[in-house]
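[1] with the sequence up front, the predicted model follows.
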Number of protein chains: 2
Amino acid sequence: MKIAQVAPLRESVPPRRHGGTERIVSYLTEALVRLGHDVTLFAAGDSSTSASLSAACSASLRSTPRMLCPDAPVSLLLERAFGTHAENFDLIHSHIDLLGFPLASRCRTPVLTTLYDRLDLPELVPVFQQFSELPVVSVSESQRGQIPWINWQGTIPHGLPGDLYSMHPNLGRYLAFLGRISPGRGLEQTIELAKRTDMPVRIAAKVDAADRHYFEHIAPLFEHPLVEYVGEITDDEKGDFLGEAYALICPYDWSEPSGLALIEALACGTPILAYRRGGVSEIVNHGFTGYLCDNLEEMAHTVAWVPNLDRRRCRLAFEERFTVERMVQDYLLLYQRSVHRENDQSADPEHRVMRQLVGSVTTEVARTVEAA
Amino acid sequence: MKIAQVAPLRESVPPRRHGGTERIVSYLTEALVRLGHDVTLFAAGDSSTSASLSAACSASLRSTPRMLCPDAPVSLLLERAFGTHAENFDLIHSHIDLLGFPLASRCRTPVLTTLYDRLDLPELVPVFQQFSELPVVSVSESQRGQIPWINWQGTIPHGLPGDLYSMHPNLGRYLAFLGRISPGRGLEQTIELAKRTDMPVRIAAKVDAADRHYFEHIAPLFEHPLVEYVGEITDDEKGDFLGEAYALICPYDWSEPSGLALIEALACGTPILAYRRGGVSEIVNHGFTGYLCDNLEEMAHTVAWVPNLDRRRCRLAFEERFTVERMVQDYLLLYQRSVHRENDQSADPEHRVMRQLVGSVTTEVARTVEAA
């Protein structure tokens, strides 16, 4: 198939350090090329790929903070991917969320959009109502449940290359936190957990410009002798960081839709302690690859049970459910369906009417909630 | 005519305090309604207008920093203005810069875009090359000169309602700085000028989140006894702030394309001391409504000459060149031309080929500069 992959410009593909979406786009793109597909990657110019690269800017937006008009390369990306070059492809796979919707809905080539972020925000309802016909893919069932009435084509959890991380068989000595320093990510709870259980905690996390204020607010917590802040780390560093941990700690205060960090931990054989929320609950097999808890007290008690978990079982769960081979096969099935449906033109009118109806009701509910 | 005005969502229309583009959109919209046109304003929901308001979000993005997905209302604005509702209009006037280009180029209704910002940024060249056919309007000749080969329809300087500010006949006692606290805006030079001339300076300026770091860096300068920082001010406050000033100080370090603050000063009868750069030079009539200088030394000498300027002449310059009545007539002429040309379909193929050629050469030059 001739396939376009449209990536955000914020990070390079793959990202130098943290950056979930761009990492998944990279794994998927390289796997499709290996399978013999003709793939074009629309992305920042400092991306590295075996597909053809169409660069809307010379380097990722995050690495060029001096660029005064980031809208410029975004406009160019939209125009090229969904306009000028669209007819060269059998299918366009968009990873740029809502920004692509207005052009995707005018594109003659079928466009499939994977939604990576949380969907429980009131500002999203009118947009999804407007674009309720656009075919979308969720990364977890929980994410889909946040806005069930749009045109879901399937749920495809993230997948990683099997050889990216290796199994670390030995029980580690520290708690690990991996991700972004941002409110709701559970960093404060993780540090509190370390204090309550008297275990060291290591924190590998990036700080976006928008979260700089929050970072400065919580930075004093890092001075505690049990806490070590290691900043943003590379894939190479991540293997040992996760693999040598006692457990990955995920007391997320919100419905994290994907949980890429959890999948990375499983690949290293490291179990997970997480709050029972969002897509996280779909990754952790409670009592086998980690424990799902309702609050910090419960998590503090549960820490002692981690040695009962078999680290080989964690790695096995990764190999069975979260490899890039599984992800790429899932996507290829949807790609083929999208292309066939486009050829058939057989949209189901009854479903469409139902979606629009549910969309209207949901909008009214959202308005009422907002007004209250 | 049935006209759509498409405003940025960042500020309400008009903005509560500072915000140049949204202010101009408001003046233009209200003037068009007064002239009997059927106008729809696409803007944030807390806008206030006598036109029909189509709100993509309930409040401006700047007033809702908690909104986690600002792309959502932007997508909705684009879809509604250039898609769903486009056929209701004879003409769509876009004030949202490049973001509107991909949809504007697919819109069946003629779209005219006013460009408000500087155009001398390397990231803009490939975008304008892609969209070189889209009809655009400049706010100064200097701005147009930064990228002369695109499809310029005219230069229309900003205009304000004649009764918004009143003539202040008396020579004030302080230097005034008005605008945004941001590198290159000449704030440090203005404070240096106050010190050299031993005159008090009052600073009315907003601080965007992106400039918070710079603000903290220069905030110690505000502790000097000659300096008073008054923050962001309303239109009501602005009349006295500008009118009671000795002169408005504009030592901009860059090619400011429009200079709305200068026009506001003239409306109050207040002369201008500015660096001879960008659109500023087109507003100040040297030796009559202010002085254009090449550097701070020259400006420091020139401060003493301000009493030679006639404040009535400043107000007169405003009334002759910068009223909303003049601006709306200029725009109506372009609106009519756009609608007629659309009906004719008589684009000049020779001009188009020339623009594309010049665009290609300019891109190569930009690439060479960037690579160097």
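    Perfect, I can see it now. Numbers count the residues shown, from 1 in each chain, chains lettered A, B, ... in the order given.

[2] check contacts around residue A:107.
    With contact taken as C-beta atoms under 8 Å, 6 or more residues apart in numbering or on different chains, residue A:107 is in contact with A:82, A:83, A:86, A:92. C-betas here are computed from N, CA, C, even on glycine.

[3] can you count the residues close to the third one?
    Counted with other C-beta atoms under 10 Å in any protein chain shown, the neighbours of residue A:86 add up to 19.

[4] now the helices for the stretch 101-250 of chain A?
    With DSSP state H, counting those that start in this stretch as the criterion, the stretch 101-250 of chain A has helices at A:101-104, A:124-130, A:141-145, A:187-197, A:212-218, A:235-243.

[5] the residue lying closest to residue A:296 once chain neighbours are set aside and residue A:89, how far apart?
    If the residues on either side of it in the chain are set aside, residue A:296 comes closest to residue A:189, at 5.5 Å by C-beta to C-beta, 6 or more residues apart in numbering or on different chains. Separation of residue A:189 from residue A:89 (C-beta to C-beta, to the nearest Å): 45 Å.

[6] who are the contact partners of the closest residue to residue A:303 other than its chain neighbours?
    Leaving aside its sequence neighbours, residue A:303 sits nearest to residue A:197 (C-beta to C-beta, 6+ apart; 4.8 Å). Going by C-beta under 8 Å, 6+ apart, residue A:197 touches A:175, A:300, A:303, A:304.

[7] may I have stretch A:2-19 exported as PDB, CA atoms only?
    Extracted C-alpha coordinates of stretch A:2-19, given in PDB (Å, rounded to 0.1, in the frame of the first residue of the first chain):
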ATOM      1  CA  LYS A   2       1.000   3.600  -0.500                       C
ATOM      2  CA  ILE A   3       0.600   5.100   3.000                       C
ATOM      3  CA  ALA A   4       1.200   8.600   4.400                       C
ATOM      4  CA  GLN A   5       2.000   8.900   8.100                       C
ATOM      5  CA  VAL A   6       1.400  12.500   9.400                       C
ATOM      6  CA  ALA A   7       3.300  13.200  12.600                       C
ATOM      7  CA  PRO A   8       3.200  16.200  15.000                       C
ATOM      8  CA  LEU A   9       6.000  18.700  14.400                       C
ATOM      9  CA  ARG A  10       6.700  19.200  18.100                       C
ATOM     10  CA  GLU A  11       9.300  16.400  18.400                       C
ATOM     11  CA  SER A  12      11.300  14.700  15.800                       C
ATOM     12  CA  VAL A  13      10.300  11.100  14.700                       C
ATOM     13  CA  PRO A  14      11.500   9.300  16.700                       C
ATOM     14  CA  PRO A  15      12.000  11.900  19.500                       C
ATOM     15  CA  ARG A  16      15.500  12.400  20.900                       C
ATOM     16  CA  ARG A  17      14.200  11.700  24.400                       C
ATOM     17  CA  HIS A  18      10.600  11.700  25.700                       C
ATOM     18  CA  GLY A  19       7.600  12.000  23.400                       C
END
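
[8] what comes up buried for that stretch?
    A:3-19 (16 or more other C-beta atoms under 10 Å in any protein chain shown).

[9] likewise stretch A:272-287?
    Within stretch A:272-287, the residues that qualify as buried are A:272-275, A:277-285, counting by 16+ other C-beta under 10 Å.

[10] need the helices of the stretch 101-250 of chain A in JSON lines (columns: mean pLDDT).
    As requested, those are exported to JSON lines (pLDDT from 0 to 100):
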{"stretch": "helix A:101-104", "mean pLDDT": "96"}
{"stretch": "helix A:124-130", "mean pLDDT": "95"}
{"stretch": "helix A:141-145", "mean pLDDT": "94"}
{"stretch": "helix A:187-197", "mean pLDDT": "95"}
{"stretch": "helix A:212-218", "mean pLDDT": "90"}
{"stretch": "helix A:235-243", "mean pLDDT": "92"}
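
[11] what's the most buried one of these?
    With neighbours defined as mean count of other C-beta atoms under 10 Å in any protein chain shown, the helices of the stretch 101-250 of chain A peak in mean count at helix A:101-104, which reaches a mean of 26.

[12] mind listing residues that contact that one?
    With contact meaning C-beta under 8 Å, 6+ apart, helix A:101-104 is reached by A:78-79, A:81-83, A:92, A:94, A:111, A:113, A:127, A:130-131, A:134, B:75, B:78-79, B:82-83, B:102-103.

[13] what about the residues you listed, which are in strands?
    A:92, A:94, A:111, A:113 (DSSP state E).

[14] output the set of residues of the stretch 101-250 of chain A in proximity to chain B.
    A:101-103, A:105-106, A:117-118, A:121, A:123-124, A:126-127, A:130-131, A:209-210 (C-beta under 8 Å from any C-beta of the partner chain).

[15] do that again at 7 Å, thanks
    Neighbours of chain B within the stretch 101-250 of chain A, by C-beta under 7 Å from any C-beta of the partner chain: A:101, A:102, A:103, A:106, A:121, A:123, A:124, A:126, A:127, A:130.

[16] from those residues, which is closest to residue B:268?
    Using C-beta to C-beta, residue A:123 is the member of those that lies nearest residue B:268, at 39.5 Å.

[17] burial of the closest residue to residue A:136 other than its chain neighbours, as a residue count?
    In space, and not counting its chain neighbours, residue A:136 is closest to residue A:113: 5.0 Å by C-beta to C-beta, 6+ apart. Residue A:113: 23 surrounding residues under other C-beta under 10 Å.

[18] my read: residue A:113 touches residue A:99, true?
    No - applying C-beta atoms under 7 Å as the test, residue A:113 and residue A:99 come out as separate, 10.0 Å apart.

[19] among the contacts of residue A:197, which ones are buried?
    A:175, A:300, A:303.

[20] report the mean confidence score over stretch A:48-63.
    For stretch A:48-63, the mean per-residue pLDDT is 95.

[21] quick check on the residue nearest to residue A:147 when sequence neighbours are not counted: phi, psi?
    Excluding the flanking residues, the one nearest residue A:147 by C-beta to C-beta, 6+ apart is residue A:119, at 4.5 Å. Backbone torsions of residue A:119, given as degrees, to the nearest 10, read phi -120, psi 10.

[22] check residue A:2 too.
    Per-residue torsions, residue A:2: phi -90, psi 110 (degrees, to the nearest 10).

[23] okay but it is in contact with residue A:93, surely?
    No - judged on C-beta under 7 Å, residue A:2 makes no contact with residue A:93 at a distance of 11.6 Å.

[24] which strands or helices does the helix or strand harbouring residue A:339 pack on?
    Residue A:339 is part of helix A:324-344 when elements are defined by DSSP states H and E. Applying 3 or more C-beta pairs under 7 Å, 6 or more residues apart in numbering or on different chains; DSSP states H and E, one finds that helix A:324-344 contacts helix A:20-34, strand A:91-94, strand A:111-114, strand A:152-155.

[25] average model confidence for it?
    Mean pLDDT, helix A:324-344: 92.

[26] residue A:99 reaches residue B:72, doesn't it?
    No - Residue A:99 is beyond contact range of residue B:72, at 9.5 Å (criterion: C-beta under 7 Å).

[27] since we're on residue A:121, how many residues are nearby?
    Residue A:121 has 17 nearby residues by other C-beta under 10 Å.

[28] kindly apply the preceding question to residue A:313 instead.
    Close neighbours of residue A:313, defined as other C-beta under 10 Å, add up to 15.

[29] does it count as helix, strand or coil?
    Three-state call for residue A:313 (DSSP: H, G, I helix; E, B strand; the rest coil): helix.

[30] which non-adjacent residue is nearest it?
    residue A:288 (5.6 Å).

[31] so of the buried residues of stretch A:2-19, which ones are in strands?
    Per DSSP E, these map to strands at A:3, A:4, A:5, A:6.

[32] can you list those residues in JSON lines and add pLDDT?
    Shown next, in JSON lines, are these (pLDDT from 0 to 100):
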{"residue": "A:3", "pLDDT": "98"}
{"residue": "A:4", "pLDDT": "98"}
{"residue": "A:5", "pLDDT": "98"}
{"residue": "A:6", "pLDDT": "98"}
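
[33] tell me the one of those residues nearest residue B:245?
    Residue B:245 has its nearest neighbour among those in residue A:6, at 51.0 Å by C-beta to C-beta.
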